[in-house]
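Visitor: would you be able to build a 3D model of this:
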Amino acid sequence: MDNASDSRTPSTAKWLGYAGALPFLGLSAALLGIGEGISDFFSPSHIAFALLSYGAIILSFLGGLHWGRAVTSPADNQILPARIALIWSVSLSLTGWFALFLPLYWAAGVLLAGFAAALTADLIWLKKGYWPYWMRGLRVQLSCVAMASMSLLAYQTIA
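Guide: You can find the predicted model right below:
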């Protein structure tokens, strides 16, 4: 892929991506006790589970990107075989689901590792042209927000 012609992030992707970071940021802030009145409606355990659940959903979404690419772009099979993309896709979804059954500390760690693995894999495949170049900046930024939120969740459960 030509990086020069493929470097500008589409505004819709940017807005939707950053909007998708808001639950991570808002729930993390609520977990820290930032924002008066939130604890009147939700207990810290509800906030923590909401953050964990959102993380599991987003990890599954990242897996879904690979499923969609594998079934709609057969020419990409030389970069990433469809069989591998499909297995990777399902493994991210199952990891997110599995985390929901663990104690919060371990669940946050599993999701943190899942987000780190997904980002690492996507950066490798991005260099090979599997994803459009513009995804790099957005994936790094949004993954850092997700990983920071999971780190905070893990920390809050042991503090």
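Visitor: from what I can see residue 88 touches residue 66, true?
Guide: Yes. Here residue 88 reaches residue 66: they are 5.3 Å apart, a contact under CB atoms under 8 Å. For glycine as for every other residue, the C-beta is placed from the backbone atoms N, C-alpha and C.
Visitor: neighbour count: those two, which is higher?
Guide: residue 66 (27 against 22; other CB atoms under 10 Å).
Visitor: host element of the more buried one?
Guide: Per DSSP states H and E, residue 66 falls inside helix 44-72.
Visitor: how about the helices in the chain?
Guide: For the chain, applying DSSP state H gives helices covering 11-31, 38-41, 44-72, 82-99, 104-127, 135-158.
Visitor: buried residues in the fourth one?
Guide: Looking back up the chat, that one is helix 82-99. 82, 85-86, 88-89, 92-93, 95-96, 99 (16 or more other CB atoms under 10 Å).
Visitor: against which helices or strands is the helix holding residue 66 packed?
Guide: helix 11-31, helix 82-99, helix 104-127, helix 135-158 (3 or more CB pairs under 8 Å, 6 or more residues apart in numbering; DSSP states H and E).
Visitor: would you list those in a markdown table and tack on distance to residue 54?
Guide: Formatted as a markdown table, those follow (distance: least, CB to CB, whole Å):
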| stretch | distance to residue 54 |
| --- | --- |
| helix 11-31 | 5 |
| helix 82-99 | 10 |
| helix 104-127 | 10 |
| helix 135-158 | 8 |
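Visitor: pipe the ones you listed into JSON lines and attach mean pLDDT and distance to residue 46 per row.
Guide: Output for the helices and strands packed on helix 44-72, formatted as JSON lines (pLDDT from 0 to 100; distance: least, CB to CB, whole Å):
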{"stretch": "helix 11-31", "mean pLDDT": "95", "distance to residue 46": "10"}
{"stretch": "helix 82-99", "mean pLDDT": "96", "distance to residue 46": "17"}
{"stretch": "helix 104-127", "mean pLDDT": "96", "distance to residue 46": "12"}
{"stretch": "helix 135-158", "mean pLDDT": "95", "distance to residue 46": "13"}
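Visitor: thanks a lot, see you next time.
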